[in-house]
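# Model the structure of this input:
(one chain, ligands or ions: 1)
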Amino acid sequence: MTSEEIKTLDGEHVMQTYARFDAVFDHGEGAALYSPEGKKYIDFTSGIGVSSLGYGNKPWADAVRQQALKLQHTSNLFYNEPYARLAEVLTKRSGMKNVFFANAGGEANEGMIKLARKYSFDKYGPGRSSIITLRQSFHGRTITTLAATGQDQFHNFFFPFTEGFSHVPPNDIKALQDALAARAVSSLGVDGTAALKPVAASGGVCAVMVELIQGEGGVNPLAPGYVKEVETLCRELDILLLVDEVQTGVGRTGAVFAYQKYGIRPDVVSFAKGIANGLPMGGFLANEKCSAVLTHGTHATTFGGNPVSAAGALEVMNQLTDDVLRGVGEKGGRIMSEVGKWNLPIVREVRGMGLMIGVSLDGVAPKAVAEKCVERGLLILTAGNDALRFLPPLVITDGEIDAGLKILKDVLEGIS
Ligand code: PLP
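Sure, this is the predicted structure:
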């Protein structure tokens, strides 16, 4: 089919929930995608941080194909090898105790939230179920993960949301302390004493949930000192620290997980996007303390840990060697320093970690820049209100980076 025929079918038969760019893809190779007519695009998006091994990755395709021929699904009422092996690899490389497999990021975060509430219920009884998240965060599109998301623009239309979520500004430990203290006083009554037990001192809060680099919110890395303080506060009050690594995880920042770069130990960490190079998979890893909270019958999902997705994920983890992770850091550094050197007045700031990079712009809508880039053969994302976002495949080559950056520079120079 031609690009025009495909767009017509979409317009007639698909719910129009996506403001799609004007580009249709047929196949890809490395970090390049091609339209049905053969137009080439350099991909700085990897399908929003998903196609970590790029396109046409033969060992990955072989692993998926072989597993599909052998066994594609059985249900979680039975055992099979791929998910069990993947669980071993993920726990070893994360230092966590065990894993629950889901299918996407929002679903993974929902499970993580359930775990936090049950942890608290089992230990302290009812009434300690609130979760604090950060402003500008993004945690998913389900009703509960929308409630967790700290951006008002996502809170239209879909009321009522799951209760028990509140948001504090990022990088402001006092705001978090105040939010906890305010609730502690109200849960203790006016004569609240200083000797607060964790249940009261937490003010009914069972968890704090953060993205270490807020992706959709603008590619804003949290300050390392702040993250350490949040970890300490959570430990003191027995509040679980939930880290949403749906976007930052699986090599994106140059470590398997970004929390390893920050030097913290979350209680639970979610992942999705890059784990299976494009096959649907997500999940969450729990530490020893949280590993037995979800028991038989308390959580489940039909497709979770699907053998084909798990075989793809095993190959992703196999290719995510120390060399590749080092390369992610180096390539990200190259992109950031190159964009910085352009010295363009419309570029306000370049920030990020590894191959998760944000470039905030002055006086021009990032979407307009991204659209011009697409016309010229470069795919790039936006984030927040003012930033361009780079999430290229982790295996992008220096040549592909240079070709993409040349297009971006030309477009930005044309606009400024
Ligand atoms: N959490 C974060 C940090 C994300 O970036 C996203 C998606 O962009 C999600 C959760 C939701 O993931 P999914 O779209 O796979 O449900």
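
# hey, let's count contacts and neighbours off CA atoms from now on
OK.

# who in this structure is up against the ligand?
Contact residues (C-alpha under 6 Å from any ligand atom) of the chain with the ligand: Ala104, Gly105, Gly106, Phe138, His139, Gly140, Glu211, Gly215, Glu216, Asp244, Val246, Gln247.

# Among those, which lie within strands?
Asp244 (DSSP state E).

# Pick the one among the residues of the chain next to the ligand closest to Asp386.
For the residues of the chain next to the ligand, the closest approach to Asp386 (C-alpha to C-alpha) belongs to Glu216, at 11.2 Å.

# Roughly how far does the closest residue to the closest one other than its chain neighbours sit from Gln214?
Setting aside the residues directly before and after it, Glu216 is nearest to Ala383 in space (C-alpha to C-alpha, 6 or more residues apart in numbering), at 5.0 Å. The gap separating Ala383 from Gln214 is 9 Å, by C-alpha to C-alpha, to the nearest Å.

# neighbour count winner among those two?
Gln214 (26 against 21; other C-alpha atoms under 10 Å).

# and the nearest residue to that one once chain neighbours are set aside, how many neighbours?
Using C-alpha to C-alpha, 6+ apart and skipping residues adjacent in sequence, the residue nearest Gln214 is Asn220, 5.0 Å away. Counted with other C-alpha under 10 Å, the neighbours of Asn220 add up to 23.

# From the ligand, how far off is Asn220?
Going from Asn220 to the ligand by C-alpha to the nearest ligand atom, to the nearest Å gives 12 Å.

# how about that residue, what does it touch?
With contacts defined as C-alpha atoms under 8 Å, 6 or more residues apart in numbering, Asn220 is in contact with Ile213, Gln214, Arg351, Gly352, Gly358.

# give me the beta-bridge partners of the closest residue to Val268 other than its chain neighbours?
Nearest non-adjacent residue to Val268, counting by C-alpha to C-alpha, 6+ apart: Ala286, 4.4 Å away. Listed beta-bridge partners, Ala286: Asn98, Val268 (assigned using DSSP bridges).

# so what does whichever strand or helix holds Ala68 touch, helix or strand wise?
Using DSSP states H and E, the element containing Ala68 is helix 58-70. On a contact count with 3 or more C-alpha pairs under 8 Å, 6 or more residues apart in numbering; DSSP states H and E, helix 58-70 meets helix 307-319.

# what comes into contact with the helix it packs on?
If you take C-alpha under 8 Å, 6+ apart as the criterion, helix 307-319 is touched by 52-53, 59-61, 63-64, 67-68, 71-73, 80-83, 85-86, 89, 250, 275-277, 279-281.

# what sits against Gly278?
Taking C-alpha under 8 Å, 6+ apart as the test, what Gly278 contacts is Val50, Ser51.

# rerun at 10 Å
By C-alpha atoms under 10 Å, 6 or more residues apart in numbering, the residues touching Gly278 are 46-47, 49-55, 272, 309, 312-313.

# which of these has the most neighbours?
That'd be Ala272 among those, by other C-alpha under 10 Å, with 32 neighbours.

# Which residue, neighbours along the chain excluded, lies closest to that residue?
Nearest to Ala272 is Gly282, by C-alpha to C-alpha, 6+ apart, at 3.7 Å.

# Check which residues of stretch 336-346 are buried.
Met336, Val339, Gly340, Ile346 (16 or more other C-alpha atoms under 10 Å).

# For the residue nearest to the last one when sequence neighbours are not counted, report the pLDDT, please.
Nearest residue to Ile346 in three dimensions, chain neighbours excluded: Asp362, at 4.8 Å (C-alpha to C-alpha, 6+ apart). On the pLDDT scale, Asp362 is placed at 96.
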